[in-house]
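Colleague: Provided below are the primary sequence and the corresponding predicted coordinates.
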Amino acid sequence: ARDPRGAFARPGARLLKECTGSTVAELEMPTADGPRRVILKRVPAGPLGALKNWFRPSAVLRSWLMGHGLRERWVPPPRPLAVLHTRRAGFLPADGYLLTEKVPDALGLPEAVRACRDPRVVRAWAERLARVVRAMHDRGVSHRDLKAPNVMLEGAATDPASAAPVLIDLVGVRAGPGSVPFARRAKELARLNASFLAVPHVTRTERLRFLRAYLRGGERQ
């Protein structure tokens, strides 16, 4: 389409987020196998942002690249499907659009934790998330915006006991050749911990269980 912003106003589109920094909607996309639910994210860029995008990968392009990079490292993000930009002055990459698959039957981690009253299920989620984060760090991936709202639980809407964590919002993800240094790991774990401070039934004991699972789950000690 000449103006991809029109996709957000299509019949059946469900707006998930709208703020100064981005707009996110769930859409239905026709495919050869039938309709498919996808997520479209728009990141606006003014004149200065478009100029910066000329010299460095834009936020949506970084997310698209890191999405594929995480999947190659067996760390679960939603599958990136497409990325595109509108152009300013005919050549500067301006507003960015990222299209990804919709995580099936997913709930956001904060929403799921607040709604769940079975400590065994919450404990299983914490241990699975700890293993994912440890694998990510051991494989050289740093998520500098690691917090509860950036984790989805695949399948939590239908079978909470077997729900699996999926990492989203990959703009702050960086990948390197070696494992993530201790200081960076500590900062990311502290940020994730802080995002649960307002959830009363995530107790200190549950936090320690998460840390123990993270320490046990590594590919190296």
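Modeller: Nice, I can see it.

Colleague: Only alpha carbons, please: show the longest helix along the chain as CSV.
Modeller: In the chain, ranked by residue count with DSSP state H as the criterion, the top helix is helix 119-138. As requested, C-alpha coordinates have been extracted for helix 119-138 and formatted as CSV (Å, rounded to 0.1, in the frame of the first residue of the first chain):
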residue,chain,number,x,y,z
PRO,A,119,1.7,-21.0,43.0
ARG,A,120,2.8,-24.2,41.2
VAL,A,121,2.0,-22.7,37.8
VAL,A,122,3.7,-19.4,38.6
ARG,A,123,6.7,-21.3,39.8
ALA,A,124,6.8,-23.3,36.5
TRP,A,125,6.6,-20.0,34.5
ALA,A,126,9.5,-18.6,36.5
GLU,A,127,11.7,-21.6,36.0
ARG,A,128,11.0,-21.7,32.3
LEU,A,129,11.7,-18.0,32.0
ALA,A,130,14.9,-18.4,34.0
ARG,A,131,16.2,-21.1,31.6
VAL,A,132,15.3,-18.9,28.6
VAL,A,133,17.2,-15.9,30.0
ARG,A,134,20.2,-18.0,31.0
ALA,A,135,20.4,-19.5,27.5
MET,A,136,20.1,-16.1,26.0
HIS,A,137,23.0,-14.7,28.1
ASP,A,138,25.2,-17.8,27.5
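
Colleague: Can you mark which positions in that helix are buried?
Modeller: The neighbour-count check on helix 119-138 (16 or more other C-beta atoms under 10 Å) flags 121-122, 125-138 as buried. C-beta: built from backbone N, CA, C; applies to glycine.

Colleague: ok, then the element right after it?
Modeller: On the C-terminal side of helix 119-138, the nearest following helix or strand under DSSP states H and E is strand 141-143.

Colleague: Within its sheet, name the partner strands of that next one and how each one runs.
Modeller: With DSSP bridges as the criterion, the sheet partners recorded for strand 141-143 are strand 173-175 (antiparallel).

Colleague: Can you list the low-confidence ranges for this structure?
Modeller: Of all residues in the chain, those with pLDDT under 70 make up the ranges 1-2, 218-221.

Colleague: mind listing the helices for it?
Modeller: Residue ranges of the helices in the chain, as given by DSSP H, are 47-55, 59-72, 109-115, 119-138, 182-194, 204-216.

Colleague: contacting residues around the fourth one?
Modeller: It stands for helix 119-138. Surrounding helix 119-138, the residues in contact under the criterion C-beta atoms under 8 Å, 6 or more residues apart in numbering are 70, 73-76, 109, 112-113, 116, 142-143, 146, 151, 153, 160-161, 163-165, 167, 179-180, 185, 188-189, 192, 201-202, 206, 209-211, 213-215, 217-220.

Colleague: ok, and for stretch 152-162, which residues are buried?
Modeller: For stretch 152-162, burial by neighbour count (16+ other C-beta under 10 Å) applies to M152, L153, E154, G155, A156, P160.

Colleague: for the third one, what are its contacts?
Modeller: Pointing back at E154 there. By C-beta under 8 Å, 6+ apart, the contact list for E154 reads P76, V103, P104, D105, A106, A163, A164, P165, V166.
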